[in-house]
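S.K.: How does the following fold in three dimensions:
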Amino acid sequence: MTKHQKRLAVPKSWPVERKEETYTTKAAAGPHGEAGVPLLIVLRDVLGYVDSKKEARYALGQDSVLVNGKAISDERQPIGMFDILAFREREEYYRVFPDEGGRLSLTPIDAESAGSKLGKIVGKTQVPGGDTQLALHDGETLLVEDATAYDGNDSIVVSNDNEEIVAHFGYEEGALVTAVSGAHAGRIGTVDEIQVTPGSSQNNVLIEARGGEGRFETVEEYVVVIDENFVDGSDAESESVDEDESESDDGDVDADGGDEE
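M.R.: Numbers count the residues shown, from 1 in each chain. Modelled structure (predicted):
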């Protein structure tokens with residue numbers, strides 16, 4: 001299979017220029033599905049730490065770039081919503097957070113916050129032995145003994161070291177949430193009302209936006225419960241690539257279609 005992805009066809013969440021070059025790197029199989037952004041794009045196009053795929057491979061070979069606490073060697077590793085990136089030599093830490101318009105951006109965080117990752121519960125399954133398996137938004141799964149403590153659309157914070165749950169936020173009226181997709185992506189507010197829709201249609205959620213910006217409405221699928229401590233740094237300047245501005249030459253294949261080295 002090809003390792004190239006046409007820029008015009010990438011998901012809206014990818015922070016790449018769509019008209020500068022024809023192709024970019026295709027994400028490898030892994031978490032976040034098709035929405036996962038290749039790590040190369042984060043290193044090159046967003047942060048500007050490398051200029052080419054060759055430099056990215058060398059940097060990753062030093063085991064100094066961690067994603068959710070694990071050293072990554074594949075520049076095509078998918079990066080997505082709420083992942084934690086740590087650069088040990090630089091002592092820099094980032095959380096992947098949805099920006100306005102649905103693009104993924106990097107929010108600077110401290111070393112302590114980088115020790116755990118938030119996940120939205122999208123499914124619960126009973127497994128042999130009596131435990132319950134929680135399925136998270138990024139495809140990760142987690143076994144828990146007490147199934148009654150967790151419901152779909154709740155959020156949990158999982159330690160990167162031992163995969164233990166260190167915090168749990170229930171999905172309910174009054175919960176602090178962020179919209180991660182749709183017209184209101186990136187906005188944060190408090191759930192004012194959950195409108196249950198009969199049948200198979202999505203439930204609607206009315207949210208009171210922070211900062212006195214009124215209410216907005218979105219579907220339940222786009223809502224993720226967060227915590228005040230989680231968004232303390234969300235107003236800080238984040239790293240992202242603007243649609244009309246590019247900080248580097250981000251072509252990934254040459255005129256003959258070969259990989260840029």
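
S.K.: can you map out the strands along the stretch 1-150 of the chain?
M.R.: Assigned by DSSP state E, counting those that start in this stretch, the strands in the stretch 1-150 of the chain fall at 4-6, 23-25, 37-38, 65-67, 70-71, 78-79, 84-87, 92-98, 104-108, 116-126, 132-136, 141-144.

S.K.: can you tell which of the ones you listed is closest to Asn153?
M.R.: Comparing the strands of the stretch 1-150 of the chain against Asn153 with CB to CB, the closest turns out to be strand 116-126 (6.6 Å). Heads up, the C-betas are built off the backbone N, CA and C, glycines and all.

S.K.: How far away from the center of its chain is the closest one?
M.R.: Offset of strand 116-126 from its chain centre (CA atoms, centre = their mean, to the nearest Å): 14 Å.

S.K.: Partner strands of it and their direction?
M.R.: strand 132-136 (antiparallel), strand 155-159 (antiparallel) (DSSP bridges).

S.K.: What separation do you get for the nearest residue to Gly130 once chain neighbours are set aside and Asp151?
M.R.: Closest residue to Gly130 apart from its sequence neighbours, by CB to CB, 6 or more residues apart in numbering: Glu145 at 7.7 Å. Computed as CB to CB, to the nearest Å, the Glu145 to Asp151 distance reads 16 Å.

S.K.: And those two? Which one has more around it.
M.R.: Asp151 (12 against 9; other CB atoms under 10 Å).

S.K.: For the more buried one, pull up the helix or strand it's in.
M.R.: Using DSSP states H and E, Asp151 sits in no helix or strand.

S.K.: got a list of what it touches?
M.R.: Ile121, Lys124, Gly170, Tyr171 (CB atoms under 8 Å, 6 or more residues apart in numbering).

S.K.: So for it, what's the pLDDT?
M.R.: pLDDT for Asp151: 95.

S.K.: from what I can see Asp192 touches Phe216, true?
M.R.: No. With contacts counted by CB atoms under 8 Å, Asp192 stays clear of Phe216, the gap being 9.9 Å.

S.K.: what residues are shared contacts of these two?
M.R.: Joint contacts of Asp192 and Phe216 (CB under 8 Å, 6+ apart) are Leu206, Ile207.

S.K.: Just give me the neighbour total for Gln32.
M.R.: That one is not Gln; residue 32 is His. Number of residues near His32 (other CB under 10 Å) recorded here: 22.

S.K.: The closest residue to Ala59 other than its chain neighbours: how many residues sit nearby?
M.R.: Excluding the flanking residues, the one nearest Ala59 by CB to CB, 6+ apart is Val50, at 6.0 Å. Counted with other CB under 10 Å, residues neighbouring Val50 total 19.
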